[in-house]
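Enquirer: okay, sequence plus prediction incoming.
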Amino acid sequence: KNEVEQSPQNLTAQEGEFITINCSYSVGISALHWLQQHPGGGIVSLFMLSSGKKKHGRLIATINIQEKHSSLHITASHPRDSAVYICAVSEGSGNQFYFGTGTSLTVIP
Amino acid sequence: KAGVTQTPRYLIKTRGQQVTLSCSPISGHRSVSWYQQTPGQGLQFLFEYFSETQRNKGNFPGRFSGRQFSNSRSEMNVSTLELGDSALYLCASSFGGYSYNEQFFGPGTRLTVL
């Protein structure tokens, strides 16, 4: 049983395209994080959501608590956006996270 | 401000040996979490320490253990290594130790068990 499902698993886009990555979860959560992992392993936290919508530059993240669903959007995609994007959720107040399997994004110039 | 550091970055061990990995959080951060990442299972939570106390533990065997020191630095230990323990081990620190706090990840330690 996987508490967090992501789709798609792999995504190839042309530079400039609008990209959407989806995350569905089955547990009640206190927080949802979107993470970005570049080749070589380094992970960067992009967003933390507990409700609503957040925007940072070309990245937008939304969450629907009732539907247990979150989306990460990248507007005007760029080759430097190529990375694995991972959704992580926490049930309790601490830092015990369940992770999605990740979406591998490749943006072609 | 220095980021999260992990040592060593690469490690090769043989089955049956034990290993200790180290994580130094960002200065002022009291929460340190450990994760295992493998191609087959993805990222999995190992345990979390906050102010020297283990707060949460993932579903891993007792061979995996950890501790946190008074300066918030943390170590994790794996005893009796198995081939399946080959993985990237990541630690993350956060200031308040709450799930809504931003998590800062270290570069990871890549462990290979032969």
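Expert: Good, I have the coordinates. Just so it is clear, the model here is predicted, and its values are computed rather than measured.
Enquirer: assign a three-state SS to A:Tyr98, would you?
Expert: strand (DSSP: H, G, I helix; E, B strand; the rest coil).
Enquirer: who's the closest residue to chain B within chain A bridged to?
Expert: Nearest residue of chain A to chain B (Cβ to the nearest Cβ) works out as A:Ser90 at 3.5 Å. For the C-beta atoms, the positions are set from N, CA and C on the backbone; glycine is no exception. Applying DSSP bridges to A:Ser90 yields these beta-bridge partners: A:Ala31, A:Phe97.
Enquirer: wait, what's in contact with it?
Expert: By Cβ atoms under 8 Å, 6 or more residues apart in numbering or on different chains, the contact list for A:Ser90 reads A:Ile29, A:Ser30, A:Ala31, A:Leu32, A:His33, A:Gln96, A:Phe97, A:Tyr98, B:Ser99.
Enquirer: from those, which two are the most distant?
Expert: Maximum pairwise distance among the contacts of A:Ser90 (Cβ to Cβ): 13.5 Å, between A:Leu32 and A:Gln96.
Enquirer: neighbour count for those two, which is higher?
Expert: Neighbour count, other Cβ atoms under 10 Å in any protein chain shown: between A:Leu32 and A:Gln96, A:Leu32 has more, with 26 against 19.
Enquirer: that older thread, derive a PyMOL selection command for the buried subset of the contacts of A:Ser90.
Expert: Typed into PyMOL, the next command selects the buried ones out of those (criterion: 16 or more other Cβ atoms under 10 Å in any protein chain shown):
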select buried, (chain A and resi 29+31+32+33+96+97+98) or (chain B and resi 99)
